[in-house]
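Enquirer: Show me how the following folds:
(one chain, ligands or ions: 1)
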Amino acid sequence: MSKPAPSLHDKLTQLRERFIEQLSSRLVQIAEQWQQSCSCPEEQTRLAPELHRFFHSLKGTGRSLGFERLAMLADQAEEALTTVPTRGDIDAYITHLLQQLRDEQQHLRSHHGQQQALAAVNSFELTNQVEPLRNKRQRLIYLCDDEPEQVDQLIHHLRCFGHEVVHFLDTESFFNAVLNRRPDAVIMDVQFPHGQTAGTETLTSLKKLTGQPLPAIVLSAHSDFHSRLSAVRAGCSGYFTKPVKPLDLMLAVDELTAPIAEGPLKVLVVDDEPEAAAYHAVLLEEAGMLAHQVHHPTDALAALERFNPDLLLVDMYMPVCSGEELATIIRQQPEYLGLPIIYLSSETDSQKQVSAMAAGVEAFITKPVQPEDLISAVQLRAERLRLLRSLMSRDSMTGLYNHSTTTELISKALAQAHREKSQHAMAMIDIDNFKQVNDIHGHLAGDQVIITLARLLKSRLRLSDIIGRYGGEEFVVLLKSINAEKAAELIDSLRNDFSLVDFHAGDVRFRCTFSAGISSFPEQPSTESLRLNADQALYRAKRQGRNQVVTELANDL
Ligand SMILES: Nc1nc2c(ncn2[C@@H]2O[C@H](COP(=O)(O)OP(=O)(O)OP(=O)(O)O)[C@@H](O)[C@H]2O)c(=O)[nH]1
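Expert: Presented below is the predicted three-dimensional model:
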């Protein structure tokens, strides 16, 4: 059996113990350095900034971790250093701190002491915890309908889009199944042999029993006000009158089921003090975010590139390079111009805070932070960046990545594949005779075809695959960790399902097909050669009669 994940309480307890342990050896070291420097004024001048930084961070982190007395002493020592301290002053503070540290160690060993201190740190409730993220795009759909006419067609379309569909012929078996396993969405017929509104009544009973409505769409033979009202009262969000166009229903199901989260918000924490970095990372992770820690500012740029965070949380006082200098270096690079940066510091001098913000920093949070304040400040700014990035990087009609973002993401994925020696495949997909679709059925119908293919790709490919709209009716996909043969099989199954989707333009029903060309990495080692090779295969698929998938051999180029 796997061990349960450590609780916030356990993580903080460990952090406090580690903090005291490391502080003890650091303090002894500082005391020795100070003693040695006392005979030499130059040595003392050299040591002063380091001492200042030490007391400053001890003040902030000590308070964050609930060591109030230690933090107070560090605060006084820092204050003393800003004037001209006598040797005796500093000696006294160091002695006091060492004594306090010993007391804290004893206190920590007692369970009661740990509980008391943690109560102060840990007394917050995370109201904004994110729901566990789905890792699959597949939805569980319950379809309850006893009329056979349209059911097969509906099930076929729902399955084409990768959904798991369970069909019920009567409301009783549907009712029991919901209590057993709650679906992501329900499609419910209203009328059954035992009642004109048996479908909506069943949904109402389930709503009363479970305390929440099911995400449901109703299918009805009637369009009168009362039928619609009973559906609304049952908590249904969609209402279709029969006969239903399967594709319209499909799009409604897509909207009804919660949008797929793009993964947790990512925060890069840069702090030279490992315990401070770990403490803030623990709080952010507890709120469902992903936090990566860097303890040397010199590693920050590489971590930014690898981790691609939505926000940077940076300590202001660090050796080698201050938070302000790091923020300036980052802002000088165009790709990080929009990255939100938040300073974390014990600095309370508002003048210094304002001047540090001149580097283009979004906010200043003073240590010790209130967990809720940290989480909401980070969440708000990181989500805003996500939204901005999404607007800039996605095609507005389909929600897929636009041309430039697709190319950029594919290049990054290939660089990683080079390092990890993995294999990927690329598919170039182009809708067949699309000009005719527009000419015969109109541009709106053409748009519907493009949107449907985009949704099909999104619902059937993995979250890690890169899917982009390359041009008008042309799409590109990078399928990760798969060889050309498997990729061709997968795209071919999509091709087959797409060719069976019914589109409607007014009363006219029509179908569409696509052709695709496949190339593979590392046989094609760059984005450009992968694209050229896949394009060549696509050209061949078109020449050979369309509605097919062709894999280009490496030496065909
Ligand atoms: N409705 C709609 N049409 C578009 C969009 N973008 C491009 N198109 C049209 O897509 C058509 C593409 O036509 P062609 O490149 O000649 O190719 P095709 O007719 O698909 O023929 P093959 O690719 O050879 O099978 C053009 O008529 C474009 O106007 C769009 O966003 N919406």
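Enquirer: can we go C-alpha only for contacts and neighbour counts from here?
Expert: Noted.
Enquirer: Just the helices from the stretch 151-300 of the chain, written as ranges.
Expert: 171-180, 198-210, 225-233, 246-256, 274-286, 300-307 (DSSP state H, counting those that start in this stretch).
Enquirer: Nearest to A488, out of those helices?
Expert: Among the helices of the stretch 151-300 of the chain, the nearest to A488 by C-alpha to C-alpha is helix 246-256 (25.7 Å).
Enquirer: Buried residues, that closest one. List them.
Expert: 246-247, 249-250, 252-254, 256 (16 or more other C-alpha atoms under 10 Å).
Enquirer: picking that back up, please identify the deepest-packed of the helices of the stretch 151-300 of the chain.
Expert: helix 274-286 (a mean of 21; mean count of other C-alpha atoms under 10 Å).
Enquirer: Which of the buried residues of helix 246-256 sits closest to the ligand?
Expert: Nearest to the ligand among those is L247, at 17.1 Å by C-alpha to the nearest ligand atom.
Enquirer: quick one: the closest one and D502 touch, right?
Expert: Yes: in this structure L247 lies within contact range of D502 using C-alpha atoms under 8 Å: 7.0 Å.
Enquirer: per-residue pLDDT, I141?
Expert: According to the prediction, I141 has pLDDT 93.
Enquirer: Helix or strand for it, just tell me which one.
Expert: strand 140-144 (DSSP states H and E).
Enquirer: Note down every partner strand of that strand and its orientation.
Expert: Strand pairing for strand 140-144, determined by DSSP bridges: strand 164-168 (parallel), strand 185-189 (parallel).
Enquirer: Pick the most buried one from the ones you listed.
Expert: Comparing the strands paired with strand 140-144 by mean neighbour count (mean count of other C-alpha under 10 Å), strand 185-189 comes out on top with a mean of 24.
Enquirer: that older thread, so can I have TSV of the strands paired with strand 140-144 showing mean pLDDT?
Expert: Below are the strands paired with strand 140-144 laid out as TSV (pLDDT from 0 to 100):
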stretch	mean pLDDT
strand 164-168	92
strand 185-189	94
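Enquirer: now L312: how far from L344?
Expert: Using C-alpha to C-alpha, to the nearest Å, L312 is found at 10 Å from L344.
Enquirer: out of the strands paired with strand 140-144, which comes closest to A454?
Expert: With C-alpha to C-alpha, the closest approach to A454 among the strands paired with strand 140-144 belongs to strand 164-168: 19.3 Å.
Enquirer: How far off centre is the closest one?
Expert: 30 Å (C-alpha atoms, centre = their mean, to the nearest Å).
Enquirer: Touching that strand from outside, list them.
Expert: Outside of strand 164-168, the residues within contact range by C-alpha atoms under 8 Å, 6 or more residues apart in numbering are 138-146, 155, 158-159, 174.
Enquirer: Of those, which is the nearest to the ligand?
Expert: L158 (23.9 Å).
Enquirer: What is the neighbour count of A327?
Expert: 23 (other C-alpha atoms under 10 Å).
Enquirer: mind listing what it touches?
Expert: Taking C-alpha under 8 Å, 6+ apart, one finds 341, 359-361 in contact with A327.
Enquirer: What segments of the stretch 301-450 of the chain are strands?
Expert: For the stretch 301-450 of the chain, the strands defined by DSSP state E, counting those that start in this stretch cover 311-315, 341-345, 363-366, 424-431.
Enquirer: For the first one, the averaged confidence score.
Expert: Mean per-residue pLDDT for strand 311-315: 94.
Enquirer: Could you list the paired strands of it along with their orientation?
Expert: The pairing partners recorded for strand 311-315 under DSSP bridges are strand 266-270 (parallel), strand 341-345 (parallel).
Enquirer: List the residue ranges of the chain that fall below the pLDDT cut-off.
Expert: Residues of the chain meeting the criterion pLDDT under 70: 1-5, 83-87, 108-138, 258-262, 554-557.
Enquirer: which bits of it sit near the ligand?
Expert: Listed as neighbours of the ligand in the chain under the rule C-alpha under 6 Å from any ligand atom: 431-436, 438, 443-444, 446-447, 472-473.
Enquirer: In the stretch 451-557 of the chain, which residue sits nearest the ligand?
Expert: G472 (3.1 Å).
Enquirer: phi, psi of that residue?
Expert: phi -40, psi -80 (degrees, to the nearest 10).
Enquirer: residues near it, how many?
Expert: 11.
Enquirer: same question, the one 10 residues further on
Expert: Around I482 there are 17 other residues, counting by other C-alpha under 10 Å.
Enquirer: Would you quantify the distance from the closest residue in space to it that isn't next to it in sequence to Q524?
Expert: Excluding the flanking residues, the one nearest I482 by C-alpha to C-alpha, 6 or more residues apart in numbering is H424, at 5.3 Å. For H424, the distance to Q524 (C-alpha to C-alpha) stands at 10 Å.
Enquirer: separation between D439 and N433?
Expert: In terms of C-alpha to C-alpha, D439 sits 10 Å off from N433.
Enquirer: Which one's more surrounded, these two?
Expert: N433 (14 against 11).
Enquirer: The residue nearest to I482: what's it in contact with?
Expert: H424 neighbours (C-alpha under 8 Å, 6+ apart): 417, 478-484, 520-522.
Enquirer: Okay, and the beta partners of it?
Expert: K480, F521.
Enquirer: how is this structure carved up into domains?
Expert: The record's domain parsing of the chain by automatic domain parsing lists 8-121, 140-256, 266-391, 403-556.
Enquirer: To M397, which of those domains lies closest?
Expert: Closest among these, using C-alpha to C-alpha: domain 403-556, at 7.0 Å.
Enquirer: State the three-state secondary structure for the closest residue to Q548 other than its chain neighbours.
Expert: Using C-alpha to C-alpha, 6+ apart and skipping the chain neighbours, the partner closest in space to Q548 is S515 (5.0 Å). Secondary structure for S515, judged by DSSP: H, G, I helix; E, B strand; the rest coil, is strand.
Enquirer: now the strands of the stretch 301-450 of the chain as TSV including distance to F510?
Expert: Listed next are those as TSV, based on distance: least, C-alpha to C-alpha, whole Å:
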stretch	distance to F510
strand 311-315	47
strand 341-345	52
strand 363-366	55
strand 424-431	14
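Enquirer: which one of the ones you listed lies closest to E383?
Expert: Taking C-alpha to C-alpha, strand 311-315 is the member of the strands of the stretch 301-450 of the chain nearest to E383, at 9.2 Å.
Enquirer: Name the surrounding residues that touch that closest one.
Expert: Contacts of strand 311-315 (C-alpha under 8 Å, 6+ apart): 266-272, 322-323, 339-345, 378, 381-382.
Enquirer: same thing with stretch 367-382?
Expert: Around stretch 367-382, the neighbours that count as contacts under C-alpha under 8 Å, 6+ apart are 60-61, 63-64, 124-126, 265-266, 283-284, 287, 310-311, 340, 342, 344-347, 365.
Enquirer: What of stretch 393-405?
Expert: 450-451, 454-455, 467-471.
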